[in-house]
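Asker: Build the 3D model from these lines:
(one chain, ligands or ions: 2)
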Amino acid sequence: MDLIAETIAAIRPLDETAMRAARDRHDRLTKPRGSLGALEELGVRLSGVAGACPPPLPAPAAVAVFAGDHGVHAQGVTPWPQEVTAQMVQNFLAGGAVVNAFARQAGAEVTVVDVGVATELPPAPGLLVRKVANGTADITQGPAMTADEARRAVEVGIEVARDLVAAGNRCLITGDMGIANTTPSAALIAAFTGRSVEGVTGYGTGIDDITHARKIKVVHTALARARTELPGHDGSDGADPRVASAEPLAVLAQIGGLEHAAIAGFILGAAAQGVPVLLDGVIAGAAALVAAALARGARDYCVAGHRSAEPGHAAALWFLELRPLIDLEMRLGEGTGAVLALPIVSSAVRVLHEVATFDSAGVADKDAASPDGT
Ligand SMILES: O=C(O)c1ccc[n+]([C@@H]2O[C@H](COP(=O)([O-])O)[C@@H](O)[C@H]2O)c1
Ligand SMILES: Cc1cc2nc[nH]c2cc1C
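Answerer: Ligands and ions are numbered 1, 2, ... in the order given. This next block holds a predicted model:
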């Protein structure tokens, strides 16, 4: 079996016994039942992920920033020069980016993975050079990657997840860097969710209305071109989630990015090892759609760190039925929204470890069964 198939086969359903134990424990802790809202369900799900209640704290935690470039940059979908991808990689390595500041605050380690930056990067501590290609091809003109490149990039993500867990990490966090990558993100999200291109294509790093209109056309063109190359297409340029879910790797190769592929693998790798994966913004959302189409169970291991301002992100989270922990209208990427949510995940777990029960604290529980069982 190849690495992707092996990884998918290793993903187990959430442990129902541990989840029942977590629900039961929540109901005995010194708080009105349900008063921690969505944090309670998060603690329950993390128990299911770990197969234990309480689950381990999400520490140490590691953020992997997958970097890649995009041929579609040539279509004028972003005002930023492509070289900014490589320049920001150097900034991550020097510890000067927002994700570094947030990671220091949250106590997470940052690793940068070059899975497809267009230029050669000098070796540096904290940089994993796993370059599959020097960027993708322009998705309006042809497939972003070959089928082999897409598979190799997914495998890179699986291997990075495996190595980070082997190093002792108990929570993996997605990050991305790639000028123009909100364009393939929109294409993937339209393809996998069936939402309209107009509904999922946003302003990325911050573009004007003319560029936004062009970006929408570019996404339509890419989808229409891709669909003529995919099995089961009906000749329209509308997205058809049936096609995407049947052939996720083929769709990824047609309209995705190398960092999307690697993040999809990273999610599969985390799930296969029973470790939660904290998702960042729209790029991670698009990648999670690919991972969930490859292995529906992978979705259960994902925690949506935040909701990005990019509209396609809300569509991806809706499709995956994931509720974001934070909504601060951020749209930076790098893993920033996910790292910011790490203390919330830790708190959800700490409740199950540390909060006293009504019994142990001698607090009266209005819902407790009376001694005669009534
Ligand atoms: O995470 C997000 O939701 C997000 C939203 C908008 C932009 N970004 C980041 O900005 C870059 C892509 O933006 P753009 O406009 O060049 O497509 C890329 O490096 C992403 O990490 C990230
Ligand atoms: C400066 C800059 C920083 C980023 N971080 C993630 N995407 C980015 C895009 C730009 C342009």
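
Asker: What number of residues are in the vicinity of the residue in the chain that ligand 2 sits nearest to?
Answerer: Using CB to the nearest ligand atom, the single residue of the chain nearest to ligand 2 is G333, 4.0 Å away. In this view, the C-beta of every residue, glycine as well, is placed from N, C-alpha and C. For G333, the count of nearby residues is 30 (other CB atoms under 10 Å).

Asker: what does G96 give?
Answerer: G96: 11 neighbours (other CB under 10 Å).

Asker: Distance of it relative to Q87?
Answerer: 11 Å (CB to CB, to the nearest Å).

Asker: Which helix or strand in this protein has the lowest average pLDDT?
Answerer: Sorting the helices and strands of the chain by mean pLDDT, DSSP states H and E puts helix 241-246 at the bottom, at a mean of 76.

Asker: now what about that helix, what contacts it?
Answerer: 191-194, 227, 230-233, 251, 289, 293 (CB atoms under 8 Å, 6 or more residues apart in numbering).

Asker: which other helices and strands contact the next helix or strand after it?
Answerer: Later in the chain than helix 241-246, the nearest helix or strand by DSSP states H and E is helix 248-255. Other helices and strands packing on helix 248-255, by 3 or more CB pairs under 8 Å, 6 or more residues apart in numbering; DSSP states H and E, are helix 147-166, helix 182-193, helix 209-229, helix 258-272, helix 282-294.

Asker: what's the closest residue to F192 other than its chain neighbours in contact with, if anything?
Answerer: Spatial nearest neighbour of F192, excluding adjacent residues (CB to CB, 6 or more residues apart in numbering): L289 at 3.9 Å. By CB under 8 Å, 6+ apart, L289 lies in contact with 188-189, 192-193, 244, 316, 319-320.

Asker: any chance of these in TSV, with distance to N134 and neighbour count too?
Answerer: Shown next, in TSV, are these (distance: CB to CB, whole Å; neighbours: other CB atoms under 10 Å):
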residue	distance to N134	neighbour count
L188	21	33
I189	25	31
F192	27	28
T193	30	22
A244	27	27
A316	28	31
F319	32	19
L320	31	22
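
Asker: how about the residues of the chain near ligand 1?
Answerer: Counting by CB under 6 Å from any ligand atom, the chain comes close to ligand 1 at 78, 80, 176-183, 204-205, 280-283, 308, 310, 313, 331-334.
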